[in-house]
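> My questions concern the predicted model and sequence given below.
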Amino acid sequence: MCAHLRVSRSGYYAWTRREPSKRAVKEAELIDHVRRIHAASRGYYGSPRIRHALRHEGLTVARSTVARVMRRAQLQGRSARLYRRSRVGQRAFFTSIANRQRGVKLERLNQIWVGDVTYLRLNGHWRYLAVVMDKHSRRIIGWSLGSQRDAALTLEAFNHAWRGRKPESGLIFHSDRGIEYAAHQYRQKLQQHGVVQSMNRPGKMNDNAHMESFFHSMKSEHLYGQKPADEVALRNSLLSYIQFYNQQRLHSSIGYLSPAGFERSLVS
């Protein structure tokens, strides 16, 4: 081998006995950290979030370095092109409910809640997921899953959130203009609790961008490629992701903290 490589035998054996450089050792340690964080994120995190997770652990590393290490370790964040739900024939528009959250400065928890409904495929059929989020912390505080998209579905999610948070009167609840949010029984429930109802402006889906972002993350990071056997399996899968989203997933909009971590920071 030495003759083939045109090196002396003594030089070859000296090379094999050489200690790795400090830079190589640091790189190997960084790869271990990146692998651990990537695995803990269930493979969801790309270089930006891994960089901030490292920072939370006291390690300051450039994003370009994290990206290079991830390429070397053959790691990448999870994303996917998703099916998009059709809104034709699925919305009734109500001009009497204004967008009352627009322009409101977020200052506290239970100031503005946002809600929405999305479609999930299960064995060739649709299931509907209604979710409620605290807009200030991005925490998912209520959700419900069902086979019908109606006021009962959104009421269950709202009641789940209400029982857990018990907010003071004056809370703003914002949603799109779906008929399940404009139904009499839903509006009556909000009024009973002293909740101010707010809805997207007609044709302005970005008015509820926080919920759209959550649904995209959930589907691209977690549900894409899954085929739950039944509704129980789907429900358990959703619960697992929501717990991860609330307790672990870092959000750039709240200083790369998790929603639970951000809420803790408000009282510390």
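Arrived safely. Numbering: from 1, shown residues only.

> tell me the contacts of residue 206?
Residues in contact with residue 206 (Cβ atoms under 8 Å, 6 or more residues apart in numbering) are residue 212. To be clear about C-beta, it is placed using only N, CA and C from the backbone, and glycine gets the same treatment.

> Recalculate using a threshold of 10 Å.
With contact taken as Cβ atoms under 10 Å, 6 or more residues apart in numbering, residue 206 is in contact with 200, 212.

> so it sits in a helix?
Yes. Residue 206: assigned to a helix according to DSSP: H, G, I helix; E, B strand; the rest coil.

> Distance-wise, check it relative to residue 154.
For residue 206, the distance to residue 154 equals 21 Å [Cβ to Cβ, to the nearest Å].

> How about residue 250?
29 Å.

> Between these two, point out the one with more neighbours.
Between residue 250 and residue 154, counted using other Cβ atoms under 10 Å, the more crowded position is residue 154 (28 against 24).

> Just the element for the more buried one, please.
Assessed by DSSP states H and E, residue 154 sits inside helix 151-165.

> Rounded mean pLDDT for that helix, please.
What helix 151-165 shows for mean pLDDT is 97.

> Now do the buried residues in it.
For helix 151-165, burial by neighbour count (16 or more other Cβ atoms under 10 Å) applies to 151, 153-158, 160-162, 165.

> Poorly predicted segments of the protein, please.
Counting by pLDDT under 70, the ranges of the chain that qualify are 1-7, 9-21, 24-25, 79-96, 203, 205.

> can you give me the helices for it?
2-5, 9-16, 22-40, 47-56, 63-72, 151-165, 179-182, 184-192, 209-217, 231-247, 259-267 (DSSP state H).

> Rebuild those as TSV, extending it with distance to residue 134.
What follows is those, written out as TSV (distance: least, Cβ to Cβ, whole Å):
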stretch	distance to residue 134
helix 2-5	64
helix 9-16	59
helix 22-40	24
helix 47-56	21
helix 63-72	29
helix 151-165	7
helix 179-182	17
helix 184-192	16
helix 209-217	10
helix 231-247	10
helix 259-267	8
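
> if you compare these, which one is most tucked away?
Of the helices of the chain, the one with the most neighbours on average (mean count of other Cβ atoms under 10 Å) is helix 179-182, at a mean of 21.

> Need the CA coordinates for that one. CSV is fine.
Extracted in CSV, the C-alpha atoms of helix 179-182 (Å, rounded to 0.1, in the frame of the first residue of the first chain):
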residue,chain,number,x,y,z
ILE,A,179,-70.4,28.9,8.6
GLU,A,180,-69.4,26.8,11.6
TYR,A,181,-68.1,30.0,13.2
ALA,A,182,-71.0,32.2,12.2
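
> Not counting that helix itself, show me its contacts.
Counting by Cβ under 10 Å, 6+ apart, 90-94, 96-97, 115-117, 128, 130, 148-155, 158, 173-176, 186-187, 190, 197-200 sit against helix 179-182.

> if we can go back for a sec, quick one: which of the helices of the chain is nearest residue 144?
Residue 144 lies closest, by Cβ to Cβ, to one member of the helices of the chain: helix 151-165, at 3.7 Å.
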